[in-house]
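Undergrad: curious how this folds, go ahead:
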Amino acid sequence: MGLFDRLRGKRGGGKQRPGTLRGATDADTSHLDTWAASRRGVEAYVEPRTNVTETTVVLVAHDGEWTRRRIGSLGQAQDFGRKRSIPVYEVKRTGYPQRMRDYTQRQRILEKRRRQDEQA
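TA: Numbering: from 1, shown residues only. Got it, this is the predicted structure:
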């Protein structure tokens with residue numbers, strides 16, 4: 001590595017510069033595919049790009065279970081949903097479904113009980 005390569009962002013080994021956003025990968029899409037295929041009633045909620053993260057999609061199942069991964073853009077999320085017959089919503093317009101919040105709350109309660117049982 002040359003003296004100024006680090007300042008120019010040139011690094012060996014394909015490593016990303018610190019402070020840059022990581023884009024969506026094939027592993028992200030593969031996870032979303034597998035997750036959606038193993039659950040029923042899946043809907044997709046697209047979260048816009050921020051200063052900290054790229055565009056992401058949250059998949060929510062019928063019972064509120066959810067997962068989040070990066071996706072390239074709103075258009076790519078819509079293509080993902082269309083190919084899999086999954087409805088796609090923009091979080092900025094619709095918000096998150098109540099079942100997702102309920103599921104998260106149930107998981108917190110179960111985790112708290114598990115910790116209490118371990119201490120007893």
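
Undergrad: give the residue spans of the protein that score low on pLDDT.
TA: By pLDDT under 70, the weakly predicted segments of the chain are 1-21.

Undergrad: mind jotting down where the helices sit in it?
TA: Per DSSP state H, the chain carries helices over the ranges 5-8, 26-37, 74-84, 91-94, 98-119.

Undergrad: can you name the residues that contact the nearest residue to R49 once chain neighbours are set aside?
TA: With sequence-adjacent residues excluded and distances taken as Cβ to Cβ, 6 or more residues apart in numbering, R49 is closest to T55, at 4.7 Å. Where C-beta positions appear, they are placed from N, C-alpha and C, glycine not excepted. Neighbouring residues of T55 by Cβ atoms under 8 Å, 6 or more residues apart in numbering: A24, V46, E47, P48, R49, R70, I71, G72, S73, L74, Q76, A77.

Undergrad: what bridges to the third one?
TA: Yep, that's E47 we're talking about. In this entry, E47 is beta-bridged to T56, by DSSP bridges.

Undergrad: give me the neighbour count for it.
TA: Residues near E47, counting by other Cβ atoms under 10 Å, number 20.

Undergrad: got the contact list for it?
TA: T53, T55, T56, V57, V58, R68, V91.

Undergrad: most surrounded residue in those?
TA: V57 (27 neighbours).

Undergrad: I appreciate the help and will end here.
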